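Visitor: give the three-dimensional model of this entry:
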Amino acid sequence: MKNDTAFDTLLNKNNISKNNIFSILTDVCQKKIEYSDLYFQKKIEESWFLEDRIVKEGNFNIDQGIGLRLIKNNSTFFSYSDEISVCSLNSITKDIVSCLNNKNQKNILKPFIKCNNALFYENKNPIYSLTNEKKIEILYMIDKIARNFDPRVKSVTAYLSSSYENILIASTDSIFTTDTRPLTYLSINVRVEEKGKIETGSMGGGRRSNYNFFLKDEITSGDSVVDFWTKEAVRIALVKLSSKETPSGTFPVVLGPGWPGILLHEAVGHGLEGDFNRSRTSIFNNKIGKKIASNICTVVDDGTVSLRRGSINIDDEGTPGQYNILIENGVLKSFMHDKLNARLMGLKKSTGNARRQSYAHIPMPRMTNTYMLPNLNTNPDDIIKSVKYGIYAKNFSGGEVDITSGEFVFSTSEAYLIKNGKILYPVKKTMLMGSGIHVMNNISMIGNDLCLDSGVGICVKNGQSIPVGVGQPTVKVDSLTVGGTK
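Guide: The predicted model follows:
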């Protein structure tokens, strides 16, 4: 079995055997159920926080538990415990079985299948990749770099964290598999001031690797990731200092590469999750095989991108991470499914998109890394040159989306006015409004500069938070409503 260490940590040290797990699932299998699974998890996490030139916080936490889910007559029963032991395993099983009134059936649980999963990220604990002294040094380094970069920097905050999960999944469809999930994160925020005007800038990200990533050279600049991100946070704040009023109206909008893919994630991606379509609350319901976007648009959800924040070796039902084409040349090809929604929608298998926040939560269809594919024949500069008058939205700070209609409102953290094919100057408090379908159908140009975000994505659905990735190349939307300041 892959990753025996995780198995030892979660089970053997807590006196739980593989036979115990098989016995539990055998018992619940007698109740004429459609499906059941056990989810074991142990998560270790730490965080460090710098403010006012002082490292003010250092936290360390361990959380572990078991979740048992059972599906019968398309209804879900769920129980969990924050203790990994034979006693708690028997207790949560008793809780669920007591809800079922059927007499025992002669169902036989098939033997577990050994799973050998592809590895899309490192399986080492990032918490111990650097000493605590080195982590603190990184935070002080960020403060020093920012202040030395520009005298207008008045305050710096930085947050450094990592987590390491061991999970084990066993189910009545013979899945028995383990995984380890590392994750690191760094966030940098600066405040600048000039002639009484104050602005802020932020930058950060992370990946499924260790802390040493932040000390490596950034690909384009030659600086370390820490250097580059710190200077980017200052640069963004300084851009805001020189920003001018934003015009209001309906204009062409060019969306920058990378993080602006969050608009795709929110305005389109959620609507392509299987549960929203099974319940017929998504605007994309019953549109498989139909055109929903410009014919130059292809969108994928890809859990297999090496080391990325949203990547998964396996999802939270034990299905391997997958590359799923959602929209191909403007045509809707697939929704994202877990096992339950796939079965109820008449499909043979899950797309590997079952995700859950922890053992105390029920899995549901969620995105991994969602991005638009590039057009290798189009240079981003040519996209800017094609705009007579419009907006270049390089980065976003937040937004709201209605899943049922696809209507959205997004605010930019960095935007510029384009006139006669040239970027003139930065504009402030720029809002973009519209619908996901309108945007997708009004895309006329796609660049060759695909990139994923730096690793900041956190997706919240039904109260559950999970790490995700987003991305896109430079994209031109011919018509979009801009809410400005003049």
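Visitor: going by C-alpha atoms from here, please, whenever you check contacts or count neighbours.
Guide: Fine.
Visitor: and the pLDDT at the closest residue to residue 164 other than its chain neighbours?
Guide: The shortest distance from residue 164 to any residue other than its chain neighbours is 4.5 Å, reached at residue 182 (Cα to Cα, 6 or more residues apart in numbering). Taken from the predicted model, the pLDDT recorded for residue 182 is 96.
Visitor: where's residue 182, which helix or strand?
Guide: In this assignment (DSSP states H and E), residue 182 forms part of strand 175-194.
Visitor: that strand pairs with which strands?
Guide: Paired neighbours of strand 175-194 in the sheet (DSSP bridges): strand 113-114 (parallel), strand 153-171 (antiparallel), strand 197-207 (antiparallel).
Visitor: how far out from the middle of the chain is the longest one?
Guide: The offset between the C-alpha centroid of strand 153-171 and the centroid of the whole chain comes to 13 Å, using Cα atoms, centre = their mean, to the nearest Å.
Visitor: can you give me the buried ones in it?
Guide: Along strand 153-171, these residues count as buried under the neighbour rule (16 or more other Cα atoms under 10 Å): 153, 155-171.
Visitor: which of the strands paired with strand 175-194 has the lowest average pLDDT?
Guide: It's strand 113-114: among these, that one has the lowest mean pLDDT, namely a mean of 74.
Visitor: how far out from the middle of the chain is whichever helix or strand comes after it?
Guide: Tracing the chain past strand 113-114, the next element assigned as helix or strand by DSSP H and E is helix 132-149. Once both centres are worked out by Cα atoms, centre = their mean, helix 132-149 turns out to sit 27 Å from its chain's centre.
Visitor: buried residues in the helix or strand containing residue 381?
Guide: With secondary structure defined by DSSP H and E, residue 381 is part of helix 380-385. The neighbour-count check on helix 380-385 (16+ other Cα under 10 Å) flags 380, 383, 384 as buried.
Visitor: got the CA positions of it in CSV?
Guide: Extracted in CSV, the C-alpha atoms of helix 380-385 (Å, rounded to 0.1, in the frame of the first residue of the first chain):
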residue,chain,number,x,y,z
PRO,A,380,-0.9,39.9,-25.0
ASP,A,381,0.5,43.2,-26.3
ASP,A,382,-1.7,42.8,-29.4
ILE,A,383,-4.7,42.5,-27.2
ILE,A,384,-4.0,45.8,-25.6
LYS,A,385,-3.4,47.4,-29.0
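Visitor: the helix or strand that that helix is followed by pairs with which strands, and in what direction?
Guide: As assigned by DSSP H and E, the chain's next helix or strand after helix 380-385 is strand 389-401. According to DSSP bridges, the neighbouring strands of strand 389-401, each with its direction, are strand 249-255 (parallel), strand 407-419 (antiparallel).
Visitor: so which of these is nearest residue 12?
Guide: For these, proximity to residue 12 was assessed by Cα to Cα; strand 407-419 is nearest, at 48.9 Å.
Visitor: alpha carbons of that closest one, as CSV, please.
Guide: What follows is the C-alpha trace of strand 407-419 in CSV, where atoms were taken according to Å, rounded to 0.1, in the frame of the first residue of the first chain:
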residue,chain,number,x,y,z
GLU,A,407,-24.5,37.8,-12.1
PHE,A,408,-21.3,39.2,-10.5
VAL,A,409,-19.7,42.3,-9.1
PHE,A,410,-15.9,42.3,-8.8
SER,A,411,-13.6,45.1,-7.5
THR,A,412,-10.1,45.5,-8.9
SER,A,413,-6.9,46.0,-6.8
GLU,A,414,-5.0,47.2,-9.8
ALA,A,415,-6.5,48.6,-13.1
TYR,A,416,-5.5,50.9,-15.9
LEU,A,417,-7.2,53.0,-18.5
ILE,A,418,-6.5,52.0,-22.1
LYS,A,419,-6.7,54.6,-24.9
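Visitor: buried sites along the very next helix or strand once past that strand?
Guide: Toward the C-terminus, strand 407-419 is succeeded by strand 422-427 as the next helix or strand (DSSP H and E). The neighbour-count check on strand 422-427 (16+ other Cα under 10 Å) flags 422, 423, 426, 427 as buried.
Visitor: quick one: the third one and residue 210, what's the gap?
Guide: The one in question is residue 426. Counting by Cα to Cα, to the nearest Å, the separation of residue 426 from residue 210 is 36 Å.
Visitor: helix or strand right after the lowest-mean-pLDDT helix or strand in the chain?
Guide: Across the helices and strands of the chain, the lowest-confidence element by mean pLDDT, DSSP states H and E is helix 4-10, at a mean of 61. Proceeding C-terminally, helix 4-10 gives way to helix 18-29 as the next helix or strand, assigned by DSSP H and E.
Visitor: quick check: mean pLDDT of the helix or strand following that following helix?
Guide: Of the helices and strands lying after helix 18-29 in sequence (DSSP H and E), the nearest is strand 35-51. Strand 35-51 shows an average pLDDT of 96 in the prediction.
Visitor: any idea how far strand 35-51 is from the middle of the chain?
Guide: 15 Å.
Visitor: quick one: work out the angle between that strand and strand 175-194.
Guide: On the basis of axes from the mean of the first three to the mean of the last three Cα atoms, to 10 degrees, strand 35-51 is oriented at 20 degrees to strand 175-194.
Visitor: could you give the angle of strand 35-51 to helix 132-149?
Guide: For the pair strand 35-51 and helix 132-149, the angle between their directions (the same axes, to 10 degrees) equals 60 degrees.
Visitor: re earlier: and residue 264, which of the strands paired with strand 175-194 is closest to it?
Guide: strand 197-207 (18.9 Å).
Visitor: who touches that closest one?
Guide: Contacts with strand 197-207, where a contact means Cα atoms under 8 Å, 6 or more residues apart in numbering, come from 183-193, 229-230, 232-238, 240-241, 307-309, 453-456.
Visitor: need the strands paired with strand 389-401 in TSV with mean pLDDT, mean neighbour count and distance to residue 394, can you?
Guide: Rendered in TSV, the data for the strands paired with strand 389-401 read as follows (pLDDT from 0 to 100; neighbours: other Cα atoms under 10 Å; distance: least, Cα to Cα, whole Å):
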stretch	mean pLDDT	mean neighbour count	distance to residue 394
strand 249-255	97	21	6
strand 407-419	94	21	6
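Visitor: in JSON lines: those strands, plus distance to residue 468.
Guide: Rendered in JSON lines, the data for the strands paired with strand 389-401 read as follows (distance: least, Cα to Cα, whole Å):
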{"stretch": "strand 249-255", "distance to residue 468": "20"}
{"stretch": "strand 407-419", "distance to residue 468": "19"}
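Visitor: got the domain ranges for this structure?
Guide: Using automatic domain parsing, the domain parsing of the chain gives 4-241, 249-483.
Visitor: residue ranges in the stretch 1-150 of the chain under the pLDDT threshold?
Guide: Within the stretch 1-150 of the chain, the stretches falling below the threshold (pLDDT under 70) are 1-10, 101-107, 114, 116.
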